[in-house]
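1. Test case, fold it:
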Amino acid sequence: MSQTRISRGAGLPAASEGSGRPRSAPALVVWLCWLVMFFDGFDLVMYGTVVPSLLDDEDWGLTPSGAGIIGGLALVGMIIGALGVGTLTDIIGRRWCAIGSMLGFSTMMMISAVSPSPEILGLTRLLAGIGLGGAMPTVGALILEYTRPARKNLVFTLMFTGYSVGGVVAALVAIPLIPAFGWRAMFVLGALPLVTLVPLAIKYLPESAAYLRSRGRDEEASRLTQRLNLHEETLAAAVEEAQQPRDGRTPAADLFRAGQLVRTLVLWAAMFCALLLIYGLTTWIPEVMRASGYPLGSGLWMLVAFNGGAAVGAVLAGRLADRFGSRTVLLVAFGAASIALVLLSLRLPLAANLALVAVAGVGSIGTANLMNVYVTSFYAVRSRATALGWTLGIGRIGAVLGPVIGGVLLGVGLDAAWNFYLFSAVAVLGAIAVALVPRAKEPVEPVGVVVH
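-> Down below sits the predicted model:
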């Protein structure tokens with residue numbers, strides 16, 4: 001690696017050269033990452049749409065607890081994928097890590113469609129989860145690198161609306177598709193990235209410029225930043241830190257050093273709560289609403305409202321976070337979700353429930369999206385991808401427990417309202433965790449991410 005120190009702006013082509021005002025992020029990178037999140041959301045919400053059909057399949061004889069365990073296995077895989085992404089990106093780079101993750105989860109979706117038993121379905125969901133878990137922090141790191149600091153919350157949350165839109169599409173498609181063709185058709189649709197997104201990513205998804213610099217591939221990085229019209233502010237700090245001497249510590253050690261341990265633990269707790277809400281509600285909203293006396297179609301429309309509210313609310317939350325700070329917005333979102341979930345237990349008219357579910361979507365999916373940016377603001381460049389991967393990995397323990405807990409509560413015969421009470425309490429705990437995050441004296445802007 002070149003040892004020449006690169007100061008801010010030196011050796012980095014300005015994005016505005018010959019192109020007017022620099023963009024907040026290269027549009028192609030944003031859209032490709034958005035599509036990754038779209039299929040991620042489609043996959044995970046899709047499982048919630050097929051749970052009632054799985055439970056009605058007499059040949060399989062699944063119980064609610066068994067369906068919850070299958071749903072949880074995908075999240076176990078996501079823990080493995082999220083925790084392992086740092087090692088893989090260090091070996092093969094961000095680009096091929098993302099492409100390999102897409103290839104993995106879409107292939108497993110196709111195999112899921114022909115699963116002959118619950119056991120095989122559980123195995124394919126576990127393996128699909130590894131791909132999904134690896135994709136999210138990888139594309140998140142790319143977006144942060146290619147986004148100007150002043151727009152980080154907005155662009156990041158815009159990218160993550162792909163998850164919510166994918167969930168909306170899954171629920172809308174399921175309404176006519178499952179009655180006509182059965183639950184397996186949903187898994188076939190989930191395999192579409194194999195012939196759509198993967199070829200696009202192979203052709204157009206760029207490597208991380210900061211990764212290239214950190215490996216001594218300076219000429220490639222310079223060509224890439226110029227081709228993508230990359231604003232120099234978004235890369236200079238990452239380049240500088242990538243070339244500074246190491247002190248012998250690993251990036252993971254930065255998460256637990258003096259002054260960071262408490263912050264790391266409460267950030268993990270907040271993400272744990274956000275992901276438990278997302279995957280618990282996504283898996284069980286249709287069945288809980290059916291158990292409460294609503295027809296199955298109403299439950300699927302609840303998934304549409306849940307993800308649609310999250311998509312719209314997440315963009316608004318991102319703008320507010322850029323103006324008022326992520327901490328305040330996270331506290332309000334968790335609190336609103338808690339109140340909405342309690343009100344859902346009252347069996348109000350369908351229109352009111354749809355509105356409340358939309359608020360819950362903002363307070364769960366929206367908070368998780370914003371948490372990703374919030375986490376990176378507390379760590380140095382070299383440890384940000386590690387911090388994000390570990391936070392998502394630990395948070396996915398909550399994601400695993402969400403489907404399982406919901407299935408257990410329904411399986412033991414408790415009133416469906418207890419699901420809402422439990423998830424409301426989780427939202428309160430998430431707000432408490434955010435409130436306990438120690439404030440950084442000089443928050444670090446996520447201008448780039450380098451994995452070592």
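
2. From now on I want contacts and neighbour counts done on CA atoms only, so please keep to that.
-> Noted.

3. and Glu119, how many neighbours does it have?
-> Other residues near Glu119 come to 13 when the count uses other C-alpha atoms under 10 Å.

4. for Ser117, same thing?
-> 11.

5. for the helix or strand hosting Gly81, what is the average pLDDT?
-> When secondary structure is defined using DSSP states H and E, the element that contains Gly81 is helix 64-113. Helix 64-113 shows an average pLDDT of 84 in the prediction.

6. Show me what it packs onto, helices and strands only.
-> Contacts of helix 64-113 with other secondary structure elements, assessed using 3 or more C-alpha pairs under 8 Å, 6 or more residues apart in numbering; DSSP states H and E, are made with helix 27-56, helix 118-145, helix 184-190, helix 197-204, helix 381-411.

7. Adding mean pLDDT and distance to Ala417, write those out as a markdown table.
-> Conversion of the helices and strands packed on helix 64-113 to a markdown table gives the following (pLDDT from 0 to 100; distance: least, C-alpha to C-alpha, whole Å):
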| stretch | mean pLDDT | distance to Ala417 |
| --- | --- | --- |
| helix 27-56 | 85 | 18 |
| helix 118-145 | 85 | 28 |
| helix 184-190 | 93 | 28 |
| helix 197-204 | 88 | 40 |
| helix 381-411 | 78 | 10 |
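
8. For those, give me TSV that also has distance to Ala269.
-> Compiled in TSV, the helices and strands packed on helix 64-113 are given as follows (distance: least, C-alpha to C-alpha, whole Å):
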stretch	distance to Ala269
helix 27-56	22
helix 118-145	18
helix 184-190	31
helix 197-204	33
helix 381-411	7
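
9. Grab the most central residue of the protein for me.
-> For the chain, Met136 is the residue whose C-alpha lies nearest the centre (C-alpha atoms, centre = their mean; 5.5 Å).

10. That residue touches Met37, doesn't it?
-> Yes: the pair Met136 and Met37 qualifies as a contact (C-alpha atoms under 8 Å) at a distance of 7.2 Å.

11. circling back: who wins for proximity to Arg263 among the helices and strands packed on helix 64-113?
-> Among these, helix 381-411 comes nearest to Arg263, with 11.2 Å by C-alpha to C-alpha.

12. name the helices or strands packed onto the helix or strand following that closest one?
-> As assigned by DSSP H and E, the chain's next helix or strand after helix 381-411 is helix 417-435. Here helix 417-435 is seen to pack against helix 261-291, helix 326-344, helix 381-411 when contacts are counted using 3+ C-alpha pairs under 8 Å, 6+ apart.

13. got a list of contacts for helix 417-435?
-> With contacts defined as C-alpha atoms under 8 Å, 6 or more residues apart in numbering, helix 417-435 is touched by 266-267, 269-274, 276-277, 280, 288, 327, 330-331, 334-335, 337-342, 344-346, 363-364, 406, 409.

14. Now do that helix and helix 261-291, the angle between them.
-> 160 degrees (axes from the mean of the first three to the mean of the last three C-alpha atoms, to 10 degrees).

15. Show the average pLDDT along helix 417-435.
-> When the per-residue pLDDT values of helix 417-435 are averaged, the result is 91.

16. quick check, distance from that helix to the centre of its chain.
-> Taking C-alpha atoms, centre = their mean, to the nearest Å, one finds the center of helix 417-435 at 19 Å from the center of the full chain.

17. Now Glu207: closest residue in space that isn't a chain neighbour?
-> The spatially closest residue to Glu207, leaving aside those adjacent along the chain, is Arg95, at 4.8 Å (C-alpha to C-alpha, 6 or more residues apart in numbering).

18. That neighbour and Ser424: what is the separation?
-> 38 Å (C-alpha to C-alpha, to the nearest Å).

19. which one of these two has more residues nearby?
-> Set side by side, Arg95 and Ser424 show more neighbours around Ser424, with 25 against 19, by other C-alpha under 10 Å.

20. how near is the more buried one to Val329?
-> For Ser424, the distance to Val329 (C-alpha to C-alpha) stands at 18 Å.

21. rewinding a little: is there a quick ChimeraX command that grabs whichever of the contacts of helix 417-435 are buried?
-> Here the buried members of these are turned into a ChimeraX selection, burial being counted by 16 or more other C-alpha atoms under 10 Å:
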select :266,267,269,270,271,272,273,274,276,277,280,288,327,330,331,334,335,337,338,339,340,341,342,344,345,363,364,406,409
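
22. Let's see stretch 392-411 as CSV, backbone CA atoms only.
-> As requested, the backbone C-alpha atoms of stretch 392-411 are provided in CSV (Å, rounded to 0.1, in the frame of the first residue of the first chain):
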residue,chain,number,x,y,z
LEU,A,392,-27.1,-6.2,13.5
GLY,A,393,-25.8,-9.6,14.4
ILE,A,394,-26.7,-9.2,18.1
GLY,A,395,-29.9,-7.5,17.2
ARG,A,396,-30.9,-10.5,15.2
ILE,A,397,-31.1,-12.5,18.4
GLY,A,398,-34.2,-10.3,19.0
ALA,A,399,-35.3,-11.0,15.4
VAL,A,400,-35.1,-14.8,16.1
LEU,A,401,-37.1,-14.5,19.3
GLY,A,402,-39.9,-12.4,17.7
PRO,A,403,-41.4,-15.1,15.6
VAL,A,404,-40.8,-17.8,18.2
ILE,A,405,-42.4,-15.8,21.1
GLY,A,406,-45.4,-14.9,19.0
GLY,A,407,-45.9,-18.5,18.1
VAL,A,408,-45.6,-19.7,21.7
LEU,A,409,-48.2,-17.1,22.9
LEU,A,410,-50.6,-18.2,20.2
GLY,A,411,-49.8,-21.9,20.8
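
23. Lovely, talk soon.
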